[in-house]
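1. With the sequence up front, the predicted model follows.
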Amino acid sequence: MDHAADAQRTDLMTLTRFVLNEQSKHPEARGDLTILLSHIVLGCKFVCAAVNKAGLAKLIGLAGDTNIQGEEQKKLDVLSNEVFIKALCSSGRANVLVSEENETEIYVETSRRGRFAPINISQYYHFLSRYCVVFDPLDGSSNIDCGVSIGTIFGIYMLKDGKAGVVSDVLRPGKEMVAAGYCLYGSSCMLVLSIGNGVHGFTLDPALGEFILTHPVMRVPRKGKIYSVNEGNAKHWDEPTKKYVEIAKFPTGGSVPKSLRYIGSMVADVHRTLLYGGIFMYPADKKSPNGKLRLLYEVFPMAYLVEQAGGQAFTGKERALDVVPKKIHERSPIFLGSFEDVEEIKSLYHASGLL
Ligand code: P6P
């Protein structure tokens, strides 16, 4: 009998247990983040089920509407956005929400904020729900109809001063996030999370309906053999990006060329980069001077995770997590992944005089 394997099978570390254990290390923690995360997890389970049966349930196809980004909304986009907004509002721990699918930020009405018996105004503010959540409910949704993996991305800030939330509570550098994660709806449903102490992967066990810790302490390999970019934009790239890709394809000094892997679904591309190493890039170009990906709910959470896993995230000008957003839907170029691979693109930008 393999007692270790047997113990592994019966000592299931669920995501909830893991977060509770982590939070128990912080005496000041009141369990609000645990409650908030449990509602995000509920949303992920719901969307996972919906994505898996989309083909059968005729959810695939256009919802006949367009979002603020001008992109055609698919039914699963609409459903996912509603699920997460309702889950976050009912958590009683969310104060300000920003969704890719909503033009303006959402202020959770007071009655839905933390459950409390206000003794006096200062304690009222103290017990007010303290978290702001920025999220892309279903990123990569243009890939839904062809069965490519898609995902949910989220980042969490704590209110700056504990009073009623305002938009400036979310127009903050990504380094001020207290947690970030994504849920990948692919061959399996995997939630990858950091609450500031490393990155950990949890795989949904459909039989239990629980996310089980399968990838503890995920680390990005220091250097990788993969570069991930949409080469269809090559003619619009700046010189450092062109140079980096040129070196990746035609290395000197007898090095082996890197492999190109590009899925076109950020969660899937970043997940592979976290596991296998290498670099994922969505650079600025002449068509999109600020790149395509959204800073608040795509770039920041992924940059937070990659740094927590020992990698780097760079915008072409600065460390991605240092950027101060001016608008909730602003875009940013991004280069993220293995520490040494990102260091190479940073050196090319410094040598170019663009910095
Ligand atoms: P392109 C999906 O639409 C998305 O927002 C990200 O998930 C993905 O990384 C990117 O756009 C792909 O963009 O221009 O290469 O199709």
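-> Ah, there it is.
2. Around the ligand, which positions in the protein sit nearby?
-> Within reach of the ligand by CB under 6 Å from any ligand atom, the chain has these residues: 139-140, 142, 230, 264-266, 269, 292. C-beta coordinates here come from the backbone N, C-alpha and C atoms, glycine included.
3. Which of these fall in strands?
-> Among the residues of the chain next to the ligand, the members falling in strands (DSSP state E) are D139.
4. From the residues of the chain next to the ligand, list the buried ones, please.
-> Buried members of those, scored by 16 or more other CB atoms under 10 Å, are 139-140, 265-266, 269, 292.
5. Out of those residues, flag the one nearest to H39.
-> Nearest to H39 among these is D139, at 19.2 Å by CB to CB.
6. Check what pLDDT N21 gets.
-> We note a pLDDT of 88 for N21 in this prediction.
7. That one belongs to a helix?
-> Yes: judged by DSSP: H, G, I helix; E, B strand; the rest coil, N21 forms part of a helix.
8. now it: how far from N143?
-> Look at N21 and N143: by CB to CB, to the nearest Å, they are 35 Å apart.
9. just the helices in the stretch 51-200 of the chain please.
-> Remark: helices assigned in the stretch 51-200 of the chain by DSSP state H, counting those that start in this stretch are 75-90, 121-127.
10. weakest of these in terms of mean pLDDT?
-> helix 121-127 (a mean of 47).
11. for the residue nearest the centre of the chain, what are its contacts?
-> Nearest to the mean C-alpha position of the chain, by CA atoms, centre = their mean, lies I153 at 3.5 Å. Counting by CB atoms under 8 Å, 6 or more residues apart in numbering, I153 touches 135-136, 139, 181-182, 266-267, 297-298, 301-302.
12. Quick check: bridge partners of it?
-> Counting by DSSP bridges, I153 is bridged to D136, Y182.
13. per-residue confidence for it?
-> We have a pLDDT of 98 for I153.
14. Then R30?
-> R30 is given a pLDDT of 78.
15. how about it, phi and psi?
-> Here is the backbone geometry of R30 (degrees, to the nearest 10): phi -110, psi 0.
16. What distance do you get for it to the ligand?
-> If you measure R30 against the ligand using CB to the nearest ligand atom, to the nearest Å, the figure is 35 Å.
17. How about G254?
-> Counting by CB to the nearest ligand atom, the gap from G254 to the ligand is 32 Å.
18. helix, strand or coil for that residue?
-> With three-state DSSP as the basis, G254 sits in coil.
19. And the chain, what are its domain boundaries?
-> 11-217, 226-352 (automatic domain parsing).
20. Now tell me which of these the model trusts least on average.
-> With a mean of 86, domain 11-217 has the lowest mean pLDDT of the domains of the chain.
21. Endpoints of it, how far apart?
-> Domain 11-217 has its terminal residues 18 Å apart, counting by CA to CA, to the nearest Å.
22. go on, stretch 172-183?
-> Using CA to CA, the end-to-end distance of stretch 172-183 comes out at 23 Å.
23. centre of the chain versus it, how much separation?
-> On the basis of CA atoms, centre = their mean, to the nearest Å, stretch 172-183 sits 8 Å off its chain's mean C-alpha point.
24. Quick check: buried residues in it?
-> Within stretch 172-183, the residues that count as buried by 16+ other CB under 10 Å are 172-174, 176-183.
25. So which of those residues sit within strands?
-> Mapping the buried residues of stretch 172-183 onto strands (DSSP E) picks out 179-183.
26. Show me which of these is closest to E246.
-> For these, the residue nearest E246 by CB to CB is Y182; the value is 30.8 Å.
27. so that closest one makes contact with G155?
-> No: counting by CB atoms under 8 Å, Y182 does not reach G155; the two are 9.8 Å apart.
28. Now do the shared contacts for these two.
-> Common neighbours of Y182 and G155, using CB under 8 Å, 6+ apart, are P301.
29. ok, back up a step: which of N21 and N143 has more residues huddled nearby?
-> Neighbours were counted for N21 and for N143 using other CB atoms under 10 Å; N143 has more, 15 against 10.
30. for the more buried one, what are its contacts?
-> Taking CB under 8 Å, 6+ apart as the criterion, N143 is in contact with 149-150, 263-265.
31. Next one: it from K45, what distance?
-> Distance of N143 to K45, given as CB to CB: 21 Å.
32. Quick one: classify the residue nearest to G174 when sequence neighbours are not counted as helix, strand or coil.
-> In space, and not counting its chain neighbours, G174 is closest to F300: 3.3 Å by CB to CB, 6 or more residues apart in numbering. Classification of F300 using three-state DSSP returns helix.
33. dump the residue contacts of F300.
-> 134, 155, 174, 177, 180, 320-321.
34. Just name the closest of the contacts of I153 to the ligand, please.
-> The ligand has its nearest neighbour among the contacts of I153 in M266, at 3.4 Å by CB to the nearest ligand atom.
35. does the closest one really touch G140, like I thought?
-> Yes: with contacts counted by CB under 8 Å, M266 reaches G140, the gap being 6.2 Å.
36. Overlap of the contact sets of the two?
-> Common neighbours of M266 and G140, counting by CB under 8 Å, 6+ apart, are G151.
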